[in-house]
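Novice: could you look at this predicted model? Sequence included:
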Amino acid sequence: MSAVTSAVRLPQKGAALVFLQRYGVYLAIALLLLFNLFFTPNFMTIDNFRVQFIQVVPVLIVALGMALVIGTEGIDLSVGAVMALSAAVIPLYIGYGPLPAAILAVLAGCLIGLANGTMIALIGVQPIVATLSLMVAGRGIALLVADEQLKSVIDPGFLALGRGTIAGVPYSVLLALVLVGLVAVLVNRTTFGKQLVSIGGSRRAAELAGLPVKRVLITIYILTAALASIAGIIQTARLSASVPSTVGNLIELSAITAVVIGGTPLSGGQVKVLGTVAGALLLQLIAASLIKHNVPDAYSQITQAVIILLAVYLQRGKAVLK
Amino acid sequence: MSLALEPSVGPATTKQVTRERIAGNVQRYGAAIVLGLLLVVGSFAFPTFPTVSNFTNIATQSSFLLIVAVGMTFVILTGGIDLSVGSVYALGGILAAYGSTWGIAGAVLLPLLVCGTVGILQGLLIAYGGMAPFIVTLAGLLGIRGLVFALTNEGANTPLIKDASVTALGQGGLLGLRWPVVIAVVVVVIGSVLLARGRGSQTVLAVGGSESAAVLMGLPVARVKFSVYVVSGLCAGLAGALNAAYSSSGVPTVGVGLELSAIAAVVIGGTLLTGGRGNLIGTTAGVLLLTVIQNLINQVGSLTSSVQAVVSGIFLAVVVIIQTVLSRTQRL
C-alpha cells in the first residue's frame, strides 16, 4: 500500500543497520543478560531462569500462532478470548480426566478459530474486525459457559501440567519447546508453510497461482486458536483455577509485540519462528529486570512502548527489500 | 462521497444499477435504519425505555464515545487505525483534573495541549517515519497508559475536580442536554463540514482509496496522514476531559478497551476499514446503536454484562459481514 512512499524515501542501508535488523532481538537479549549479570543480584541463577521460562510460556505459545497469522498479512485479536473459553471449559469436563478435558477445551477454542477463518477467508472480512468481534463475543461466551464464576481445579493429573518437572525442566516449558519445533517445521519444511508465506506475500498472486488460499487461511486461524487454547490450559493448570474473566487479558498485545520485535513484518510474507521466541523472551526479561530493580510498573510499560517503536523503526523499509 | 473510480464494464443493465444503488444505501444508512427499528421495538417492549430521563442518559453516555469516534473516523478514512485513544482518553481525564486548579481554562487547555502533542508524535512517526499505524498506536496504547499510571502514583491517586465551573462543564447543560452532548454535536458538525468542504478532505478520502495513486497525483499525503492523528489525539483528550468533568475526577483506569468500541462504532456506521469511504452521520448512528443495545439489555434486567458482550460482538460480526458482501455487490 505504501510502496510508493517507501520507495521514495528508502533509508540508506548500512551494514550495521542490516545486522541490527537481522540480529537486533538476540543482541538485545545478550545485552540485557550482561547488564543483569553485573547489576542484578541472583538474576543469573537456574531458579530465576526456571521462573522466567515458566512465566513466558503462555505468551510464547500464543505468539507462535500470532506469527503464523501475521505471516499471512492477518492479525488475531481474539486469542485472549480463546484462552478464556478453553479455561472455562476445563472445569466442566475435568471429571472425565485431564486429557479428555484438555482435548475438549482445545476443540472449543478451535470453534472460535473456525469462525474467524470463515469470516476472513470465505466472506472476505478484514482480519482486524473479524477477530475483534470474536474477541468481544468470545470472552462473553466464556463467562456464560463458566456461569461468570471462578472455579478451582484440583485434579492432580491436570495440575501436574503446571507443576511437574522432568530433570528440573517444567512440563509446560517442554510442551512449549515441542510446539516451537512443530511450528518451525510447519513453516520451513512443509508445502503448507510455503503456501502460508506466499499468501502473505500476495494473496492475489497466490490465488492466481492456484493455491488453496481459503483452505490455508481457515486452517491457520484454527491453528492459532488451538495454540491459544493450549496456553489457556497451561495458565489454568498453573493457577489451579479457571478464571475466564481475566485469563489472557491483553495477551494479544504482548503476542503481537513479540512477533514484531522478532522480525516478522506486519505486512506478511515472512514468519520468523525463532525470532518470535526471542521476542517473547526479550519482553519477559525486560519486565523481570525492571521488577527486580523496583521500577514501578508504569515506567516498565513506557519502556516497553519505546522498545516496540525502536524495533519497528529499525525494521522499516525491510519489507520492500525482501 | 466515494472517490473510488469504478470502471464501467460494459453497459450496466437497469437491474444491476438498482441493485447497486440499494446496496450502497443500505451500507450508508444501515446503522440509522437499525437504530430506528431498535428504538421502536424498545419503546413497545419496555415502558421504562422511552422516557426523557432515559434518553438523556443514552445521549450523555454516547457523547464521550462519539467524540472519540469522530477522530477515529478521520483516521480510518485514510486507511489507518488509532489504538491509543483509550489511553489518551484516560490521560485527558487526569490532566483535566490536575488542570482544574487553574479553573476551566486549565481543565480544557492542558489536556488538549498534551493529547494534541501525543497525536503529533504519533502522526510524525506514521506519516513521515513510514511506520505502520497499528504498531505506532499500539506502542501509544501501552506507553500513554504507563504515563497515566506514572502521573497518578501507580493509579493510587484519583485527582478530584473541586472547581465548580469545571464540574458544571460535565454536569450542567443547555435546553436539557448536558454540555458533553452539546459539544459532541458541535464536534460532529465541524467534522462533517470539514469532510464535505475542507481543503484536505478530498485528500483524506483519496489517501484511503489508494495511497500510491494519491502520492502520484501530487496530493499532500504525508501532511494529511499526519493531521488525522493529531485530530484523533485532540478528540480523545477532549472526550477524556469532559468525562472527568462529568464524574468530577480523573480516574486512571477509564478508557480501557475504548479503542475497540470506537472502531466498532465507526465500522458499524458504514465507514470502510480500508479507508476511502464513510461519514460522521454513520459514525453517530453507530455510537448510538452500541449505547442503545447496552441500554436495552439493561432494561431486561436479568441479563448480565457477558450477554451484552456476546450480543455486541455478534452484532459487529453480522454488520461487517453484511458490509463486506454489499461492497462486493457494488464492485461487480
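Specialist: Cool, got the structure.
Novice: of all of the stretch 151-300 of chain A, which residue lies closest to chain B?
Specialist: Nearest residue of the stretch 151-300 of chain A to chain B, counting by Cβ to the nearest Cβ: A:Ala298, 3.5 Å away. The way it works is simple: take the backbone N, C-alpha and C, and place the C-beta from them, glycine included.
Novice: measure that residue to B:Val88 for me?
Specialist: Going from A:Ala298 to B:Val88 by Cβ to Cβ, to the nearest Å gives 16 Å.
Novice: comparing those two, which residue is more hemmed in?
Specialist: Remark: of A:Ala298 and B:Val88, B:Val88 carries more neighbours, 37 against 20, as counted by other Cβ atoms under 10 Å in any protein chain shown.
Novice: quick one: the more buried one and B:Leu234 touch, right?
Specialist: No. Assessed by Cβ atoms under 8 Å, B:Val88 is found out of contact with B:Leu234, at 9.3 Å.
Novice: tell me who's in contact with A:Arg139.
Specialist: A:80-81, A:84-85, A:244-245, B:306, B:309 (Cβ atoms under 8 Å, 6 or more residues apart in numbering or on different chains).
Novice: identify the farthest-apart pair in those residues.
Specialist: For the contacts of A:Arg139, the farthest-apart pair by Cβ to Cβ is A:Gly80 and B:Ser306; their separation is 14.9 Å.
Novice: which residue would be the closest one in chain A to chain B?
Specialist: In chain A, no residue comes nearer to chain B than A:Ala137, which is 2.5 Å away by Cβ to the nearest Cβ.
Novice: which SSE is that residue in?
Specialist: helix A:127-145 (DSSP states H and E).
Novice: send the alpha carbons of that helix over as CSV?
Specialist: Extracted in CSV, the C-alpha atoms of helix A:127-145 (Å, rounded to 0.1, in the frame of the first residue of the first chain):
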residue,chain,number,x,y,z
PRO,A,127,-9.0,-9.8,9.9
ILE,A,128,-8.8,-7.0,12.5
VAL,A,129,-12.6,-6.5,12.6
ALA,A,130,-13.5,-10.2,12.3
THR,A,131,-11.3,-11.1,15.2
LEU,A,132,-12.3,-8.0,17.1
SER,A,133,-15.9,-9.1,17.1
LEU,A,134,-14.9,-12.6,18.4
MET,A,135,-12.6,-11.0,21.0
VAL,A,136,-15.7,-9.2,22.4
ALA,A,137,-18.2,-12.1,21.9
GLY,A,138,-15.7,-14.9,22.8
ARG,A,139,-15.0,-13.6,26.3
GLY,A,140,-18.7,-13.1,26.9
ILE,A,141,-19.4,-16.7,25.8
ALA,A,142,-16.5,-18.0,28.1
LEU,A,143,-18.1,-16.2,31.0
LEU,A,144,-21.5,-17.6,30.3
VAL,A,145,-20.0,-21.1,30.0
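Novice: how long is stretch B:295-310 end to end?
Specialist: End-to-end distance for stretch B:295-310, by Cα to Cα, to the nearest Å: 15 Å.
Novice: which parts of it are buried?
Specialist: For stretch B:295-310, the neighbour count (16 or more other Cβ atoms under 10 Å in any protein chain shown) marks B:295-297, B:306-310 as buried.
Novice: residue 173: how many residues sit nearby?
Specialist: Going with chain A. A:Val173: 18 neighbours (other Cβ under 10 Å).
Novice: my bad, the chain I had in mind was chain B
Specialist: Counted with other Cβ under 10 Å, B:Gly173 comes out at 16.
Novice: roughly how far does the residue nearest to it when sequence neighbours are not counted sit from chain A?
Specialist: With Cβ to Cβ, 6 or more residues apart in numbering or on different chains as the criterion, B:Gly173 has its nearest non-adjacent residue at 5.5 Å, and that residue is B:Trp179. For B:Trp179, the distance to chain A equals 30 Å [Cβ to the nearest Cβ, to the nearest Å].
Novice: so who does B:Trp179 touch?
Specialist: Counted by Cβ under 8 Å, 6+ apart, B:Trp179 has contacts B:168-173, B:242, B:245.
Novice: do B:Gln171 as well
Specialist: B:178-179, B:245-246, B:248.
Novice: ditto for A:Thr40
Specialist: With contact set as Cβ under 8 Å, 6+ apart, A:Thr40 has these partners: A:289, A:292-293.
Novice: now, these that are in helices?
Specialist: The helices, defined by DSSP state H, take in A:289, A:292 from the contacts of A:Thr40.
Novice: for the contacts of A:Thr40, give me TSV that also has neighbour count.
Specialist: Conversion of those to TSV gives the following (neighbours: other Cβ atoms under 10 Å in any protein chain shown):
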residue	neighbour count
A:Ser289	19
A:Lys292	15
A:His293	11
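Novice: can you narrow the contacts of A:Thr40 to ones near chain B?
Specialist: Subset of the contacts of A:Thr40 in contact with chain B: empty, counting by Cβ under 8 Å from any Cβ of the partner chain.
Novice: quick check: the residue of chain A closest to chain B vs B:Ser261, distance?
Specialist: Going from A:Ala137 to B:Ser261 by Cβ to Cβ gives 14 Å.
Novice: repeat for B:Ala107
Specialist: Distance from B:Ala107 to B:Ser261, by Cβ to Cβ: 24 Å.
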